[in-house]
Structures are given as C-alpha cells and as structure tokens.
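Engineer: This is a predicted model, with the sequence first.
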Amino acid sequence: MPTSKWDGGPQSPAAISAVGLRKSYGDKTVLDGIDLRIPAGSVFALLGPNGAGKTTAVKILSTLLTADGGHAQVAGHDLAADPQAVRAAIGVTGQFSAVDGLITGEENVLLMADLHHLSKREGRRVTAELLERFDLVEAARKPAATYSGGMKRRLDIAMTLVGNPRIIFLDEPTTGLDPRSRHNMWQIIRELVSDGVTVFLTTQYLEEADELADRIAVLNDGSIAAEGTAEELKRLIPGGHVRLRFTDPVAYENAVSALPETQRDDAALTLQIPSDGSQRGLRSLLDRLDAAGLEADELSVHTPDLDDVFFALTSGDGVPNQPRETAR
C-alpha cells in the first residue's frame, strides 16, 4: 500500500466530491444516488462487477456524460456550471487505448501537445520528457501499432500527462496486460501520486486496489455497497482464523484439550482457531501453546482479503467466498 498524503482529517481538500449522482438509461438505473469524497493527492479505487456503473461514474465526473441528478465538484469546479474548467484540470485514460496506431509514439504525444495549444518548442520539450519518463525513447519513431500492450498503455498515460493534470481518471488501466506490465503500471501510478496527482482508478483486479488505493469503494447495482481503507473493508467480513497443523497425533490431542474453542479436523490433524489476525491475538495464542508445552508443525493465518469483501458485497447473499490460508 502506498504512503498516503491523506490523513483523513476534515481539513483535507477534496479533489473530487459528489452528492447523489444518478444516471439511468431508459428504465435501467446505472447510478442510484452515489456520494463520493476523494482527498487531493490520494488514490481512490472504485471496484465493481461488469455493468456496476464504474465507467459511467468516470464519464460523468470527466464531463463526458451528463448526470440525471445530483451534483459534483472536480478540482474545485462545479461539474454542471463550469465543465470547461474541469476538463482543463483533468486527464482521462479509458479502458481502450486512445493511441493512434498509424503514427509513431512521438507523433501521438506531439498531437496531444498541439491539442493543448502548446508552442512547437514547448510541445517538443514536453514530448521528449514524457517519452523518456515512460521508457519509450527507443520506440518513439516506430508506428504505435507495433507497440506491445504495456507500451501502448504507457504511451496512453504519457499523452494524458501532456496537459499536466492534477487529477487523472484511469478506467481499468491494466486490463489485458501481462503481470510484468501491470506491475510497471502500478509503479507509474505510485510516482504520479508522489508528485501530488490525485488518481481515480476503476479496476476489476482486487489485488490492484489493495496494492495502490488509499480508499476503496465497492459499487454494486448502482449504489456504493461499502467504502473505506482496504483494512477497514476487510474487517467487515467475518471468518479470520489461525490454522495449526500437527504431525504427532499425541501433540494434536493435547492441543485439542488446551484449545477447546477450536474447529478440529482429526484426519488432517489440524485445528482452526477464530482470530482477527492481529499481533496481539497471535501472541496470545502462542503464549497459550507455550504454557501447554505444545508446538505446532505449521501455523498459517487467514484474514479476509478484498476477494472476500468483493464477493460478500456483490453476491447478493452476503456470504463471503471460501477462506484461503497464507502460510507463515
């Protein structure tokens, strides 16, 4: 998780705020009155299944769509009253690359410089800096159609940064990328935030939100099902436990006697003890084992992760997915 510049205090300025945003297409409600407050200089992740309304929220907040109800401010400007000022303050990278494959990477960035009305000299300076920053110098004069998926994504963000936006919307920026390219993109996002940029990220990759976001909201059926830090969301879901495995049947039976509240698996010689995964809880358990003269051959801890949160909040039945252990 990145080191956040947001302290959660009421004085933290909001880069993006929205109250009661609504959007429908015919009789289908896509956004059903959502509220958002995103502090400046932070990463906010909007999670949700396909069709939950994530892209619609991005399009409204970036002035590409008009909301049916509610109001919002982006970079201190009212979305409805001053959309031009909002556009001047933001950058947007969509799910699908905006790169023109028929021209070179350098020409793509120069084109964006022209659209931002930079002088020829300034446009070339900014383009050279961005191509170097995103490790595209060697490929700069090759047609963008020859670029890999990761290179196109880097070029996409370079083009977005031409106007030096302080707020960037990244709509599923790593969809379709291989693991190495995804990790490279994560590093780029961290660097943007370290420069004071606010990032509004939509993603279906729960690991991505856990890795990058200061705050996360789960969007389901047009409403915010839950919002908080990754740790706060994980605490919403029960099921944390410690799993002890023994190889000696005698030690196993002694542990059963010493730890009566456990769930036992006699065939596997394992015990499952409810736990919140905290250091204090683990220390207490280890002290009890020491007092009883017991030593497990393997100890593993499970605390609910964002997968559990996501499935619990979007499944409709409130039942989290099957826990997974992490060996310690």
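Structural biologist: Received it, and whenever you're ready, just let me know what you need.
Engineer: and Glu132, how far is that from Glu227?
Structural biologist: 38 Å (C-beta to C-beta, to the nearest Å). Where C-beta positions appear, they are placed from N, C-alpha and C, glycine not excepted.
Engineer: the more surrounded of those two?
Structural biologist: Set side by side, Glu132 and Glu227 show more neighbours around Glu227, with 18 against 12, by other C-beta atoms under 10 Å.
Engineer: State the mean pLDDT of the longest helix belonging to the chain.
Structural biologist: Looking across the chain with DSSP state H, the single longest helix is helix 179-194. For helix 179-194, mean pLDDT rounds to 89.
Engineer: now swap in stretch 16-36 and tell me
Structural biologist: For stretch 16-36, mean pLDDT is 95.
Engineer: Give me the most central residue, the protein.
Structural biologist: Ala209 (2.3 Å; C-alpha atoms, centre = their mean).
Engineer: That residue should be in a strand, yeah?
Structural biologist: No. Under DSSP: H, G, I helix; E, B strand; the rest coil, Ala209 falls outside any strand and is assigned helix.
Engineer: And the host helix or strand of Ala72, how far out from the chain middle?
Structural biologist: Assessed by DSSP states H and E, Ala72 sits inside strand 69-74. Relative to its chain's centre, strand 69-74 lies at 22 Å (C-alpha atoms, centre = their mean, to the nearest Å).
Engineer: who's in contact with it?
Structural biologist: Strand 69-74 is contacted from outside by 14-22, 33-34, 36, 60-62, 78-80, 86, 89-90, 167, using C-beta atoms under 8 Å, 6 or more residues apart in numbering.
Engineer: Kindly report the same for stretch 276-284.
Structural biologist: Stretch 276-284 is contacted by residues Arg235, Gly240, Val242, Ser275, Val301, His302, Thr303 when judged by C-beta under 8 Å, 6+ apart.
Engineer: again, only this time at 7 Å
Structural biologist: Gly240, Val242, Ser275, Val301, Thr303 (C-beta atoms under 7 Å, 6 or more residues apart in numbering).
Engineer: Off-centre distance for that stretch?
Structural biologist: So, by C-alpha atoms, centre = their mean, the centroid of stretch 276-284 is 27 Å from its chain's centroid.
Engineer: tell me the mean pLDDT over that stretch?
Structural biologist: Here the average pLDDT along stretch 276-284 is 79.
Engineer: Make 58 the first number, not 1, from now on.
Structural biologist: Fine by me, first position is 58 from now on; the one you just mentioned is stretch 333-341.
Engineer: On the C-terminal side of the longest helix of the chain, identify the next helix or strand.
Structural biologist: Downstream of helix 236-251, the first helix or strand assigned by DSSP H and E is strand 255-260.
Engineer: Now do that following strand: everything it contacts.
Structural biologist: Residues outside strand 255-260 that contact it (C-beta under 7 Å, 6+ apart) are 72-73, 95, 97-104, 111-112, 115, 223-229, 246, 249-250, 266, 269-270.
Engineer: again, 6 Å this time
Structural biologist: 72, 97-98, 100-103, 111, 224-229, 246, 250, 266 (C-beta atoms under 6 Å, 6 or more residues apart in numbering).
Engineer: Pairing partners for it, with directions?
Structural biologist: Here strand 255-260 has these sheet partners by DSSP bridges: strand 100-104 (parallel), strand 224-228 (parallel).
Engineer: how about the helices in the stretch 258-385 of the chain?
Structural biologist: With DSSP state H, counting those that start in this stretch as the criterion, the stretch 258-385 of the chain has helices at 263-269, 287-291, 306-315, 336-348, 363-371.
Engineer: Which residues belonging to the helix or strand where Ile95 lies are considered buried?
Structural biologist: Counting by DSSP H and E, the element that carries Ile95 is strand 85-96. Across strand 85-96, burial judged by 16 or more other C-beta atoms under 10 Å covers Thr86, Val87, Leu88, Asp89, Gly90, Ile91, Leu93, Ile95, Pro96.
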